[in-house]
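A.B. asks: based on what follows, work out the 3D shape:
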Amino acid sequence: MEAVPEAGETSGPWFAGFRLGALLGVPTSLVAVLVIGRVWASCDIGVNASANSLSLLLVAPVVWIGTAASWTLVHGAIGRFGRGAVVAVGVLFNLWFLWYVVTALGTMGSYPDPVCPGNVPPWWPGFVPA
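C.D. replies: Residues are numbered from 1 along each chain as shown. You can find the predicted model right below:
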């Protein structure tokens with residue numbers, strides 16, 4: 001007979017995925033905010049530094065929530081295949097999500113590009129599509 005979890009017990013693959021996602025969401029959101037801020041500063045995007053900082057402060061929690069949700073789903077969905085599979089799929093998805101957020105928000109296609117051609121800064125690595 002399977003044991004019934006008591007009220008308030010926090011175990012299982014879904015909660016473990018949320019804990020991992022909440023932990024890894026912090027560096028992911030910090031890296032996203034730093035890279036987007038650097039792209040905006042390099043390409044002279046935005047009104048001024050304070051307006052850009054406020055925008056980035058609003059982006060950080062959204063990235064954290066997205067990272068936590070993705071790790072929760074990955075861990076809950078494929079957690080039965082083993083920890084290695086969860087980490088591999090989670091890291092790949094996390095890197096894709098970070099790339100997507102940086103390229104979608106950092107390199108604005110609709111913004112006129114006075115400094116950077118195509119709103120891609122000169123320091124952006126050529127092997128990473130933007």
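A.B. asks: how much space separates the spatially most central residue of the chain from residue 69?
C.D. replies: The residue at the geometric middle of the chain, judged as the C-alpha nearest the mean C-alpha position with Cα atoms, centre = their mean, is residue 98 (4.1 Å). Distance, residue 98 to residue 69, by Cβ to Cβ, to the nearest Å: 14 Å. Every C-beta, even on glycine, is put in place using the N, C-alpha and C of the backbone.
A.B. asks: circling back to that earlier point, residues contacting the host helix or strand of the residue nearest to the centre of the chain, please?
C.D. replies: Counting by DSSP states H and E, the element that carries residue 98 is helix 83-101. Applying Cβ atoms under 8 Å, 6 or more residues apart in numbering, the set of residues contacting helix 83-101 from outside is 17, 20, 24, 28, 31-32, 36, 59, 63, 66-67, 70-71, 74-75, 78-79, 128.
A.B. asks: repeat that for 6 Å
C.D. replies: Residues from elsewhere that reach helix 83-101 (Cβ atoms under 6 Å, 6 or more residues apart in numbering): 28, 32, 63, 70-71, 74-75, 78-79.
A.B. asks: so what secondary structure elements neighbour the helix or strand hosting residue 32?
C.D. replies: Assigned by DSSP H and E, residue 32 belongs to helix 13-42. Taking 3 or more Cβ pairs under 6 Å, 6 or more residues apart in numbering; DSSP states H and E as the contact definition, the neighbouring helices and strands of helix 13-42 are helix 49-78, helix 83-101.
A.B. asks: that concludes my questions; thank you for your assistance.
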